[in-house]
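*Asks:* sequence? don't have it. structure:
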């Protein structure tokens with residue numbers, strides 16, 4: 001199962017958690033259409049490889065602490 005299939009499966013599960021858990025793609029496929037495909041299947045965000053550790057940490061923090069802002 002790839003990331004797209006996994007996302008569709010997770011989003012299709014019953015309950016609030018599967019619909020709301022943040023899913024962030026990390027891929028070397030970073031063209032606009034690649035990012036859009038991630039969003040279209042239900043992912044929340046995309047990080048292109050290679051990535052900067054601070055970029056990853058900032059993006060993770062934005063989802064971890066989103067309800068506290």
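*Replies:* Great, that's in hand. From a predicted model like this one, the values you see are computed outputs, not experimental measurements. Numbers count the residues shown, from 1 in each chain.

*Asks:* the residue positioned nearest the centre of the chain - nearest residue in space that isn't next to it in sequence?
*Replies:* Centroid-nearest residue in the chain, with C-alpha atoms, centre = their mean: residue 24, separated by 1.9 Å. Closest residue in space to residue 24, ignoring its immediate chain neighbours: residue 45 at 4.6 Å, by C-beta to C-beta, 6 or more residues apart in numbering. Placement of C-beta: from N, CA and C, glycine included.

*Asks:* the one you found is in contact with residue 59, isn't it?
*Replies:* Yes: because the distance of 6.1 Å satisfies C-beta atoms under 8 Å, residue 45 is recorded as touching residue 59.

*Asks:* mutual contacts of those two, please.
*Replies:* Between them, residue 45 and residue 59 share these contacting residues under C-beta atoms under 8 Å, 6 or more residues apart in numbering: residue 24.

*Asks:* for residue 46, see how far away the closest residue to residue 48 other than its chain neighbours is.
*Replies:* Spatial nearest neighbour of residue 48, excluding adjacent residues (C-beta to C-beta, 6+ apart): residue 30 at 3.5 Å. Distance, residue 30 to residue 46, by C-beta to C-beta, to the nearest Å: 7 Å.
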